[in-house]
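**Student:** quick one, what's the 3D model for this:
(chains A and B)
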Amino acid sequence: MVGVSPATTLQDAYRTMREKGIRHLAVLDGERLAGVVTDRDLRLATSALAPVPFAADSSVSAIMCKEPLTANAEDAVEDAARVMRERKIGCLPVVDDGRVIGIITGIDLLDALIRMTGVDKPSGRLEVRLPDRPGELARLTAYMSERELNIHSILTHPEGSERVRTVLRVGSIETRLLARDLREAGFEVVWPPDKPCPR
Amino acid sequence: MSSLIYRPEYANYSFGEDHPFSPLRVRMALELLEALGHRVDAIAPEAARREDLLSVHDEYYVDHVEALSAGRSVTNAQSYGLDTPDTPAFPGMDEAARWHVGGTLLGARQILEGTEKRVLQLGGGLHHARRNFASGFCVYNDLAIAIRSLTRRGLWVAYLDIDVHHGDGVQQILYEDRRVMTISLHESGKYLFPGTGEVHELGSGVGRGLKLNVPLEPHTEGESYLEVLEEVVPAALRHFGPAVLVVQAGADAHYDDQLADLMLGTRDYERIFSRILGWAETFTAGRVLFTLGGGYSLRATPRVWALLYLVVNGLPVPEDLPPEWVRRWSHVLGPQPPLEFHDPSPLRVDIPNRAEIRHRNLQVAHRLLEGARPYWL
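**Tutor:** Residues are numbered from 1 along each chain as shown, chains lettered A, B, ... in the order given. Here you go, the predicted model:
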């Protein structure tokens, strides 16, 4: 996180953003969070299209967002994502005991998404459509457990009101054979599909 | 001119009767060549030594393989990828894997010493094995070990992996090595094991821009495959200027393979092998070492590897399969065994989004070259 004082000029704030390759600055009054200023704030405030454009030596306190929404270090990532999406904002300063300890931006959320869906162990993709009722995911994972297959990650999302799409990364090269057996056991396997069969 | 490396002990590398990585595949290929009247003179390699393994693998990992191989019980074997459903432990596993490593190492030595230019190692290709864990049927990484034996003597090596799975072990072990270029064509990791092999995996440090990956769409056919191969490989080899080409010739991109989703036929493989030999002539003065790899259809893989032998040796490809060979293997070839050497061509198969697949594969090849080229300057 990069912080500046309320008296920092727009010119200096701009330079800081350029040098550090960032778009969000926390404005700090000592340790207290005074506001947030973004590259968009700078561009709008100084735009030739603005009714009265701010001068380059104006201070950031004149254009910053004065009471920014904040997050707590213990907040869930998805809560931060929801707040940023609903309020259409690009960052949340992270505050602990009145002290700013960091800032989370949209890029950090993309990193989290990449990590959640990424591959850090050799594994194959398995995608199963399950009825949305108690015990279905357990039935699937129990099947894996019986075959001593390690599940490296699971993502699920609702598909309509009655079904759930579940994407697993399984520690096996033989996911197609697994898919065949799962189909025989009555599961609806979306991936891998049956292979096209030459006539 | 060319040599063949093989010994019957390769067959000891076997995870059990129902396991897809079956020694039958090579045996069927060899018997097919014999039935076609070819006298297959193979040179038998020594087993790799422990210090060969340690050029790539961690000592504690090798210790674990040895212990399991000797039937000693090992705690947390699964954290080393051993004794898993894919790679179950079996008695003699260490020695069986070392035969394969020894064969690939012998091939590298023949090329290094200049006794041979074209070498076909009828085993090895265990490209998933990592520094400290087994993965995807692979215990020791014979390819990385052999490549290291060449780079240590000052030779720059280009590694081309046409197995349908990403050559993740080889790539990972040599990720920062500027003396090795790796090129892997495979079904995209979004769909297929091991999940890696995206275009942005370009190597790191001084090895940046030298690790190339072409993730292909499921149901990719030969025409598209050859198109991207042609787009990427000559450009990459021209830039890198290797002394030796090492090729992992897995046969599991074949349409009959049940572990993956690509749609190559034997005529495509014939073109691929010929092109690779041509590139070896152009870029590495003919020096090329082929290993085997994946390939899990007993109907297809023996023909693909027999074909590899024929192409490497400049021999004609016959029209028909020898009837006695088909009869002998009828129990694994199924109720309607192939009778001709080549698959039917063109393949009569419905792939509704064929044009889109081809377009996307070509786009991926271009994106890869765009990403890598800045590092080639």
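**Student:** what residues does chain A have near chain B?
**Tutor:** Neighbours of chain B within chain A, by Cβ under 8 Å from any Cβ of the partner chain: A:119, A:121-125, A:147-150, A:169, A:171-177, A:191-193, A:195-199. All C-beta spots, glycine's among them, are computed from the backbone N, C-alpha and C.
**Student:** quick one, which of the residues you listed are buried?
**Tutor:** Burial by neighbour count, 16 or more other Cβ atoms under 10 Å in any protein chain shown: within the residues of chain A next to chain B this picks out A:119, A:122-125, A:149-150, A:169, A:171-176, A:191-192, A:195-196.
**Student:** the most centrally placed residue in chain B: what's it in contact with?
**Tutor:** Taking Cα atoms, centre = their mean, the centroid of chain B lies closest to B:Gln248, which sits 2.6 Å from it. Contacts for B:Gln248 (Cβ atoms under 8 Å, 6 or more residues apart in numbering or on different chains) come out as B:Gly125, B:His127, B:Leu143, B:Tyr159, B:Leu160, B:Asp161, B:Ile162, B:Asp163, B:Gly167, B:Val170, B:Thr291, B:Gly293.
**Student:** near chain A, which residues of the stretch 1-150 of chain B show up?
**Tutor:** Residues of the stretch 1-150 of chain B found near chain A, taking Cβ under 8 Å from any Cβ as the criterion, are B:Pro20, B:Gln78, B:Thr84, B:Pro85, B:Asp86, B:His128, B:Ser135, B:Gly136, B:Phe137.
**Student:** can the residues you listed go into a markdown table with extra columns for secondary structure?
**Tutor:** Converted to a markdown table, those look like this (DSSP: H, G, I helix; E, B strand; the rest coil):
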| residue | secondary structure |
| --- | --- |
| B:Pro20 | coil |
| B:Gln78 | helix |
| B:Thr84 | coil |
| B:Pro85 | coil |
| B:Asp86 | coil |
| B:His128 | coil |
| B:Ser135 | strand |
| B:Gly136 | coil |
| B:Phe137 | coil |
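**Student:** can you lay out those residues as CSV showing pLDDT?
**Tutor:** Formatted as CSV, these follow (pLDDT from 0 to 100):
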residue, pLDDT
B:Pro20, 95
B:Gln78, 91
B:Thr84, 93
B:Pro85, 92
B:Asp86, 95
B:His128, 98
B:Ser135, 97
B:Gly136, 97
B:Phe137, 97
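**Student:** of all the residues you listed, which two lie farthest apart?
**Tutor:** B:Pro20 and B:Gln78 (19.8 Å; Cβ to Cβ).
**Student:** neighbour count for the two, which is higher?
**Tutor:** Neighbour comparison, B:Pro20 and B:Gln78: the larger count goes to B:Pro20, with 20 against 16 (by other Cβ atoms under 10 Å in any protein chain shown).
**Student:** quick check: the more buried one touching B:Leu259?
**Tutor:** Yes: with contacts counted by Cβ atoms under 8 Å, B:Pro20 reaches B:Leu259, the gap being 6.5 Å.
**Student:** and for those two, which residues touch both?
**Tutor:** A:Glu174, A:Leu177, B:Tyr296.
**Student:** how near is the second one to B:Ser79?
**Tutor:** It refers to A:Leu177. As judged by Cβ to Cβ, to the nearest Å, A:Leu177 and B:Ser79 stand 24 Å apart.
**Student:** same question for the first one.
**Tutor:** Applying Cβ to Cβ, the value for A:Glu174 to B:Ser79 is 20 Å.
**Student:** ditto for the last one
**Tutor:** Remark: distance between B:Tyr296 and B:Ser79 (Cβ to Cβ) = 26 Å.
**Student:** from the contact counts, what lies against the helix or strand of chain A with the lowest mean pLDDT?
**Tutor:** Least confident helix or strand, chain A: helix A:106-117 with a mean of 89, by mean pLDDT, DSSP states H and E. Contacts defined by 3 or more Cβ pairs under 8 Å, 6 or more residues apart in numbering or on different chains; DSSP states H and E place helix A:106-117 against helix A:77-86, strand A:151-159.
**Student:** ok, residues contacting the first one?
**Tutor:** This means helix A:77-86. A:Leu69, A:Ala71, A:Ile89, A:Gly90, A:Cys91, A:Leu92, A:Ile104, A:Gly106, A:Leu109, A:Ala112.
**Student:** between those residues, which is nearest chain B?
**Tutor:** Ranked by distance to chain B (Cβ to the nearest Cβ), the contacts of helix A:77-86 are led by A:Ala112 at 18.1 Å.
**Student:** what number of residues lie near the closest residue to that closest one other than its chain neighbours?
**Tutor:** Leaving aside its chain neighbours, A:Ala112 sits nearest to A:Val77 (5.2 Å; criterion: Cβ to Cβ, 6 or more residues apart in numbering or on different chains). Neighbour count for A:Val77, taken as other Cβ under 10 Å: 14.
**Student:** show me which helix runs longest in chain B.
**Tutor:** helix B:93-113 (DSSP state H).
**Student:** show me how far the following helix or strand past it is from its chain's centre.
**Tutor:** Using DSSP states H and E, the next helix or strand after helix B:93-113 towards the C-terminus is strand B:118-121. Offset of strand B:118-121 from its chain centre (Cα atoms, centre = their mean, to the nearest Å): 13 Å.
**Student:** any idea of the mean pLDDT in strand B:118-121?
**Tutor:** For strand B:118-121, mean pLDDT rounds to 98.
**Student:** could you look up the next helix or strand downstream of that strand?
**Tutor:** For strand B:118-121, the succeeding helix or strand toward the C-terminus, using DSSP H and E, is helix B:142-151.
**Student:** and the next helix or strand after that next one, what does it pack against?
**Tutor:** Note on helix B:142-151: by DSSP H and E, the next helix or strand toward the C-terminus is strand B:157-161. With contacts taken as 3+ Cβ pairs under 8 Å, 6+ apart, strand B:157-161 sits against helix B:142-151, strand B:180-187, helix B:222-240, strand B:244-248.
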